[in-house]
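1. output the structure for:
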Amino acid sequence: MARAYGPDVLGGRPHVVIGTVVWLITAVVTSSGGVDLSLIDVLLLLAPLVLVPIGLVVAGRTGSDRVEFLRLGAAALLVPALLAEPGGPAGVLALPWLAVAVVLAVTAALGWMARPDFRPAALARLASPVYLTVGAAWVVASRLELRPVGIGEPIVELTAVHFHFAGFVAALLAARTCEAATRRAPRWAAAGTILTIASPPIVAMGFTTGSAVFQIGGALLLSLGVWIIAGLTFAVVVPITPDAPARALLSLSALAVVVPMVLAVFWAAAQHVDVPALDIPAMARIHGTLNAFGFSLAGLLGWAAHDADVARRT
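-> You can find the predicted model right below:
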């Protein structure tokens, strides 16, 4: 039986809507000065409360309602974790989200080991929850006020943000695009996907070590990979997508990522050579916001709408 279009864009489950409402309330209260959260905090919360639930729908990895609400509860605990002063209690509040991510990564790894698949799209599907786990671990480190490899804030929290967005979301979008574009552009699809999933650790090493090779090289590789995926989305996926909302969302995602990645490359280069670049607060406002809402949210919603339309037509 064909599924109803509207609800299924968000997986047909209330936890996605509830997570979105929790995030919206948090964002509005923060913007009005009601709570002391930074823009980086608010963007970080977007991932567990909104993007990961939608991403799991897009990845076909949703669980029962009970499981999804447990995941939502773990994500919601990150709000008080970020509001609390760094230390033991804040770290404990962040641990359930790490547990959720670990379960997702282990489940994906066991499934892959049962049927090994070295195609780029399959590797990207595996990398996505693994990067989510890395990001969740850095959230815990941030709330415990740890200094991994000698670095402190805001780099610890920015690394957490990096692995949620450039890791989990970008790898998943690369996997879906690669699967759809492989027939028409196999080499480009493979190259874009491999670059997208291989570069986040290089970028993170640049963050944590300050190495020019890792910092600038990682930013260039990640930008190239994401741009290839965006180009394939716009040139290959959108024209063969019959659903108008899905086409619009996927087009927005493909276009929105261009400028933020240019800014990322210039920011990385500016840490080592004299080139113009935004500071971290400005990067959060422009690079972070465009990537979070334009590339990530629009891209995931576009694929969710695409899948709902396919189900409606069958």
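2. any idea how far Thr182 is from Val58?
-> The gap separating Thr182 from Val58 is 17 Å, by CB to CB, to the nearest Å. C-beta here means a position set from N, CA and C on the backbone, and glycine is covered the same way.
3. quick one: which of the two has more around it?
-> Just comparing Thr182 and Val58: by other CB atoms under 10 Å the higher neighbour count belongs to Val58, 25 against 19.
4. how about low-confidence regions in this protein?
-> Counting by pLDDT under 70, the chain has low-confidence residues at 1-12.
5. how does it look with 80?
-> 1-13, 314 (pLDDT under 80).
6. which helix in it has the most residues?
-> In the chain, taking DSSP state H as the definition, the longest helix is helix 88-114.
7. secondary structure element for the nearest residue to Ile155 once chain neighbours are set aside?
-> Spatially, and ignoring its direct neighbours in sequence, Ile155 is nearest to Phe207 (5.5 Å; CB to CB, 6 or more residues apart in numbering). If you go by DSSP states H and E, Phe207 is part of helix 186-209.
8. what are the boundaries of the helices in the stretch 101-250 of the chain?
-> Counting by DSSP state H, counting those that start in this stretch, the stretch 101-250 of the chain has helices at residues 120-143, 155-162, 170-181, 186-209, 212-232, 244-256.
9. for Asp274, helix, strand, or coil?
-> Put simply, Asp274 is coil when judged by DSSP: H, G, I helix; E, B strand; the rest coil.
10. change the start of the numbering to 64 and stick with it
-> That works, and once the first residue is 64, the last one we named lands at Asp337.
11. quick one: it from Phe329, how far?
-> Taking CB to CB, one finds Asp337 at 11 Å from Phe329.
12. just want to know which of these two has more residues nearby.
-> With neighbours defined as other CB under 10 Å, Asp337 and Phe329 compare such that Phe329 has more, 17 against 7.
13. rewinding a little: quick check: buried residues in the helix holding Phe270?
-> The neighbour-count criterion (16 or more other CB atoms under 10 Å) identifies 251-260, 262-271 as the buried residues of helix 249-272.
14. what packs against that helix?
-> Using 3 or more CB pairs under 8 Å, 6 or more residues apart in numbering; DSSP states H and E as the contact test, the elements touching helix 249-272 are helix 183-206, helix 218-225, helix 233-244, helix 275-295.
15. out of the ones you listed, which is the most enclosed?
-> helix 233-244 (a mean of 27; mean count of other CB atoms under 10 Å).
16. next, count neighbours for the closest residue to Ser359 other than its chain neighbours.
-> Spatially, and ignoring its direct neighbours in sequence, Ser359 is nearest to Val232 (4.5 Å; CB to CB, 6+ apart). For Val232, the count of nearby residues is 27 (other CB under 10 Å).
17. Val232 touches Ala361, doesn't it?
-> No. Between Val232 and Ala361 no contact is recorded; they are 10.9 Å apart, counting by CB atoms under 8 Å.
18. so what's Ile343 closest to, chain neighbours aside?
-> Counting by CB to CB, 6+ apart, Pro217 is the residue found nearest to Ile343 once chain neighbours are left out, at 6.3 Å.
19. nearest to Leu353, of the helices of the stretch 164-313 of the chain?
-> Nearest to Leu353 among the helices of the stretch 164-313 of the chain is helix 307-319 (5.4 Å), distances taken as CB to CB.
20. what angle sits between the helix holding Phe270 and helix 183-206?
-> Counting by axes from the mean of the first three to the mean of the last three CA atoms, to 10 degrees, helix 249-272 points 20 degrees away from the direction of helix 183-206.
21. next, the angle from helix 249-272 to helix 275-295.
-> 150 degrees.
22. what sits closest to Ile291 if chain neighbours are left out?
-> Gly255 (3.1 Å).
23. the one you found and Val299 touch, don't they?
-> No. Between Gly255 and Val299 there is no contact under CB under 8 Å: 10.9 Å.
24. show me the common contact partners of the two, please.
-> Thr240 (CB atoms under 8 Å, 6 or more residues apart in numbering).
25. quick one, what contacts Thr259?
-> Ala187, Ala233, Ala234, Ala237, Leu285, Gly288, Val289, Ile291, Ile292.
26. flag every buried residue along the helix or strand that contains Met324.
-> Assigned by DSSP H and E, Met324 belongs to helix 321-333. Within helix 321-333, the residues that count as buried by 16+ other CB under 10 Å are Val321, Pro323, Met324, Leu326, Ala327, Val328, Phe329, Trp330, Ala331, Ala332, Ala333.
27. tell me which residues are up against it.
-> Outside helix 321-333, the residues that touch it by CB under 8 Å, 6+ apart are 266, 269, 278-279, 281-283, 285-286, 289-290, 293, 338-341, 346, 349-351, 353-354, 357-358.
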